Structures are given as C-alpha cells and as structure tokens.
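K.L.:
no FASTA, just this:
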C-alpha cells in the first residue's frame, strides 16, 4: 500500500519540521508558515496534517512528551531522576527549552494548562516514591515526602530555566555540583 | 498644554491595555489587534505608540520590571526577598505569570534573552549579599554564596511555576511552609 506509506512518511516529515521550528523559535514562532518553510513545502501541506495553530501546538507538546519519555530513565534513584531533567546534554537542553517555552500557551489556554498541571502532578508523584526510598536510606530528612518532591522538582526546574538563559554560567559540572551539594545539605546529620 | 496631556493620558491607556492583554493571554496573545480590542480603540491608535509586535513585547517587559520593582521590598533579609517572589498575592501572581510567559519570546529572540539573562544575574547578585548575611548569622551553611544564591533562586522560581499551573495544590500557607522548611533544612546543625 504505497499511498499509505507515503502519507505516513510525509506526516513524519511535517512532524520533524514542527519540532525543528518549536526548538528554534518557541511557541510564539510556531506558525503554519514557519513549519511550511522548514519543510520546504506549502502551508496547504501542513494544514492537511495539522489544520490549525492549536493543532500544531498540541502536536509539538506530544513530541516533547515523547522525547522526554525516551530521555528519562524508567528506573534509577532520586539523583538519577533529577539529573535526567537537567540540561546537560544537547537533547535534554532542546527538550527543556521547548517545555519552558510551552508555559506561555499553557498559561493562556485552559486545555493546555490542564495538561501541564497533570504532567507536573505525575512527575511529583514519581519523585515522591523516590523520596521515600531516599528517606528510608537515611539520605533525606523525615518530613512530608510530597513536600520534598515538590521542593526538589522546584529546585531542578529553576536550575533548568537559569541555565537556558545563561548556559555559560551553568556548565554541566556546576549543575551536577549544585545538585549534589543541595542533596548533601538535605542529608540528615548522623 | 492640553495636547501633551492628552497624549500622555492616551499612552497610559494603551499601556494599561498592553498589561491587561499580556496578564490574561500571555505573550502568544499579545497582538496589536488584542490590545486595540482591550482598549476599545483601533489598531492605528496602538501602532501610534507601539509600532510593532516587538515594541509591544518590550513595553510589556518594561511594565513587568516596573511592577516587580514596586512589589519587591528594597530592604529585608533573605527570607523576605524570597517570599516577595512567591505568588501569594494577586499582584505578584499576575507579575509571575507575565514573567514565566515572557520566557517563550525571550528564548527565541537574542535581544530579549540578553535582558532576561541580565535580570537573572542582578537577582542572584542581590540574593548573594543576603546569603552572606545569613551565613554570618549561622543560618546557612558555609559554601559558595553564589551557588547558594543560584540554588535559592532556582527553588523559588520552580515553586512559582508549579503554583501558576496548580494554585489549589500550592496555597499561600503551603508555599510559606515549603520555603521555611527548606531554609530550616539548610540551617547548619549546632
């Protein structure tokens, strides 16, 4: 069935162009015209797959979700889970940049905002389980694991944002050091 | 000189409409048309003061800067400086929302990105001085004050983002408790 294969191949091309645009220009730059230009095609070809700006935005968020899933290890301890979010490799920097950019449309549109809220809740729940393991190992203080998870999520995302704007001030080595020092401060005295 | 007064009054009206739009719709929604609609005027009236989308964006950032300055106390200790950034009052929530939204255009446009980088550096420098005071008072561990300032900025901004998407999960009381618990964890054992 060559027609179907063509369709899928073309959809993949359009999808790659969507990612290319959003990773370079953010959501403010994600227009049908920009995607068509990145594709070397017509806006008609883009609208065939993504009929509106809203559809483009949702597709870009799906791509970010997919890339996040493959970049973040399923298993591992708390430190590994937090490191996976830091922009210390080209791939994770690009994904972080897209997520941070997505906060503009997500704060403006209730449907996208609800998705981001749910995504944050899933992440905190995942971290909370790792916090409990770390508490049992005596690596984190006693205290509400949900609060510790929210605080560690905050610390990590806050570093992500500062790094995106000032990568020279936050090279890989400093980021890892900031995280490890932070975890060391949290470690209960024996 | 009534003409001049009219001009200034009208510019203030346009400026208020810019803030209204960006606080509700973010930077993705900040268009000449949206500002004209908020103003109940024509796009011609808006372009008279802000000739381009770029000019609108820069003006919205100036307004955010101005509002941030008046909402953040000039003096006070580290805890006061961090609380001032948390979205626990209607005014600071609106300002936070605009800053977080602005990261989309700021990551896409080098000129805006440079402004945000400089703003972050100024904030970290301010926090660093307060960190040194807190270290001298035995409230924070010894260690690089610039690193502690970056970590505290990260923690606070990360909480801001989570709160904007999930205000019910982060009411004022919980935010203050998260901050105080965090500062208590950092306090060296005696």
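P.N.:
That came in fine, so what should we check first? Nothing here was measured: the structure is a model prediction, and the numbers come from that model.

K.L.:
regarding chain A, what is its longest helix?
P.N.:
Ranked by residue count under DSSP state H, the longest helix found in chain A is helix A:110-136.

K.L.:
for that one, name the packing helices and strands.
P.N.:
helix A:53-71, helix A:78-83, helix A:90-108, helix A:145-165, helix B:145-165 (3 or more Cβ pairs under 8 Å, 6 or more residues apart in numbering or on different chains; DSSP states H and E). For glycine as for every other residue, the C-beta is placed from the backbone atoms N, C-alpha and C.

K.L.:
mind doing that once more with 7 Å?
P.N.:
Where contact means 3 or more Cβ pairs under 7 Å, 6 or more residues apart in numbering or on different chains; DSSP states H and E, helix A:110-136 is packed against helix A:78-83, helix A:90-108, helix A:145-165, helix B:145-165.

K.L.:
up against chain B, what does chain A have?
P.N.:
A:25-29, A:97, A:100-101, A:103-105, A:107-108, A:113, A:116-117, A:120, A:141, A:143, A:147, A:150-151, A:153-159, A:161-162, A:164-166, A:178, A:181-182, A:185-186, A:189 (Cβ under 7 Å from any Cβ of the partner chain).

K.L.:
show me where pLDDT drops low in chain A?
P.N.:
Where chain A drops to pLDDT under 70, the residues are A:1-4, A:190.

K.L.:
if we use 50, what do you get?
P.N.:
Scanning chain A for pLDDT under 50 picks out the ranges A:1.

K.L.:
how far does stretch A:182-190 sit from the chain's center?
P.N.:
From the chain centre to the centre of stretch A:182-190 is a distance of 28 Å (Cα atoms, centre = their mean, to the nearest Å).

K.L.:
and that stretch, what's buried?
P.N.:
Within stretch A:182-190, the residues that count as buried by 16 or more other Cβ atoms under 10 Å in any protein chain shown are A:182, A:183, A:185, A:186.

K.L.:
hang on, the earlier thing: only the buried subset of the residues of chain A next to chain B, as a PyMOL command please.
P.N.:
In PyMOL, this line selects whichever of those come out buried by 16+ other Cβ under 10 Å:
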select buried, chain A and resi 25+26+27+28+29+97+100+101+103+104+105+107+108+113+116+117+120+147+150+151+153+154+155+156+157+158+159+161+162+164+165+166+178+181+182+185+186
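
K.L.:
buried ones in the strand or helix carrying residue A:16?
P.N.:
Using DSSP states H and E, residue A:16 maps to helix A:2-25. Across helix A:2-25, burial judged by 16+ other Cβ under 10 Å covers A:13, A:14, A:15, A:17, A:18, A:19, A:21, A:22, A:23, A:25.

K.L.:
distance from the chain centre to the helix or strand following that helix, please.
P.N.:
Counting by DSSP H and E, the next helix or strand C-terminal to helix A:2-25 is helix A:32-39. Offset of helix A:32-39 from its chain centre (Cα atoms, centre = their mean): 23 Å.

K.L.:
domain assignment for chain A?
P.N.:
Residue ranges for the domains of chain A, per automatic domain parsing: A:1-66, A:72-190.

K.L.:
so which of these gets nearest residue B:57?
P.N.:
Closest to residue B:57 of the domains of chain A, according to Cβ to Cβ: domain A:1-66, at 8.9 Å.

K.L.:
which residues does residue A:106 contact?
P.N.:
Going by Cβ atoms under 7 Å, 6 or more residues apart in numbering or on different chains, residue A:106 touches A:112, A:113, A:116.

K.L.:
sort out which residues of stretch A:120-139 are buried, please.
P.N.:
A:120, A:123, A:124, A:127, A:128, A:130, A:131, A:134, A:135, A:139.

K.L.:
now do the SS call for residue A:181.
P.N.:
Here residue A:181 is recorded as helix under DSSP: H, G, I helix; E, B strand; the rest coil.

K.L.:
which residues touch it?
P.N.:
So residue A:181 contacts B:143, B:147 (Cβ under 7 Å, 6+ apart).

K.L.:
how close does it get to residue B:150?
P.N.:
Applying Cβ to Cβ, to the nearest Å, the value for residue A:181 to residue B:150 is 11 Å.

K.L.:
how about residue A:112?
P.N.:
For residue A:112, the distance to residue B:150 - Cβ to Cβ - is 30 Å.

K.L.:
ok, residue A:86 next?
P.N.:
From residue A:86 over to residue B:150 (counting by Cβ to Cβ), the distance is 13 Å.

K.L.:
could you do residue A:187 as well?
P.N.:
20 Å.

K.L.:
now swap in residue A:59 and tell me
P.N.:
35 Å.

K.L.:
outside of stretch A:50-66 itself, list whatever touches it.
P.N.:
With contact meaning Cβ under 7 Å, 6+ apart, stretch A:50-66 is reached by A:15, A:18-19, A:22, A:27, A:30-32, A:35, A:95, A:98-99, A:102, A:105, A:112, A:115.

K.L.:
one more time with 6 Å, if that's ok
P.N.:
A:18, A:19, A:22, A:30, A:98, A:99, A:105 (Cβ atoms under 6 Å, 6 or more residues apart in numbering or on different chains).

K.L.:
and which of the residues you listed is nearest chain B?
P.N.:
Proximity of those to chain B (Cβ to the nearest Cβ) peaks at residue A:105, which lies at 5.3 Å.

K.L.:
so the closest one sits against residue A:113, correct?
P.N.:
No: with contact taken as Cβ atoms under 6 Å, residue A:105 and residue A:113 are classed as non-touching, separated by 8.9 Å.

K.L.:
between those two, which contacts overlap?
P.N.:
Counting by Cβ under 6 Å, 6+ apart, nothing touches both residue A:105 and residue A:113.

K.L.:
mind checking the SS state of residue A:51?
P.N.:
coil.

K.L.:
ok, it to residue A:15 distance?
P.N.:
15 Å.

K.L.:
leaving out sequence neighbours, find the closest residue to residue A:104.
P.N.:
residue B:104 (3.7 Å; Cβ to Cβ, 6 or more residues apart in numbering or on different chains).
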